[in-house]
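Colleague: need a structure here:
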Amino acid sequence: MKRYFQASMLLMGLLFIQSTTASAQCPIKEQIMNGDDGGEGLEKANRERDKTPVSHTLIIFFDKKTGSKPLLKAIKKQGCTLLYKYKEFSAVAVKVDEKHDIDKAIADFKKVKGVMSVNKDGIMQIQ
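Modeller: So this is what the prediction gives:
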C-alpha cells in the first residue's frame with residue numbers, strides 16, 4: 001500500500017511540473033488563448049515575423065551516391081560561399097550573396113544533379 005501511495009505521489013508531482021513548464025514556454029499563446037491583449041498578440045507576432053530579414057543561408061541536401069562534387073561546382077559557379085559541410089548527413093550550408101535573389105538561387109540549386117532538397121536556414125516551429 002505504501003508503494004502505491006509513493007508511486008501515485010511521484011506521478012502527480014511529475015504531472016504538475018510538466019503542466020507548469022508547458023504554460024511557461026509560450027507566453028504569446030497564453031495571451032492569445034486568454035484574450036488578455038485584446039487580440040493584438042497574433043498581430044504583434046505577425047509584425048515581428050515580417051520584420052525579420054530574409055536569410056541568405058541555404059541548407060542543401062544531396063544524394064550520397066552521387067556525392068557532393070556536382071553541388072560544390074554549382075556553389076562555386078553561383079558565387080556562393082560554402083559555410084559548412086555536414087558529416088552526419090549529406091548536406092551543406094551555403095551563403096548566397098546578398099545581391100542575388102534567394103528564390104532564384106533555390107531554383108538553380110534544385111536543378112543540380114544529386115540535390116534532393118534546398119531549404120532556407122531558419123528556426124522551424126511546430127505547434
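Colleague: leaving out chain neighbours, which residue sits closest to Gly79?
Modeller: Counting by Cβ to Cβ, 6 or more residues apart in numbering, Gly79 lies nearest to Asp97, which is 5.8 Å off, once chain neighbours are set aside. Placement of C-beta: from N, CA and C, glycine included.
Colleague: which residues touch that neighbour?
Modeller: His56, Gly79, Cys80, Thr81 (Cβ atoms under 8 Å, 6 or more residues apart in numbering).
Colleague: neighbours of Arg3, how many?
Modeller: For Arg3, the count of nearby residues is 7 (other Cβ atoms under 10 Å).
Colleague: that one: what secondary structure?
Modeller: helix (DSSP: H, G, I helix; E, B strand; the rest coil).
Colleague: name the helix or strand for the closest residue to Lys120 other than its chain neighbours, please.
Modeller: Among residues not flanking Lys120 along the chain, Ser55 sits closest, at 5.2 Å (Cβ to Cβ, 6+ apart). According to DSSP states H and E, Ser55 maps onto no helix or strand at all.
Colleague: surely Phe109 meets Ile59?
Modeller: No - at 10.5 Å, Phe109 does not count as touching Ile59 under the criterion of Cβ atoms under 8 Å.
Colleague: between those two, which contacts overlap?
Modeller: Common neighbours of Phe109 and Ile59 (Cβ under 8 Å, 6+ apart) are Val94, Val118.
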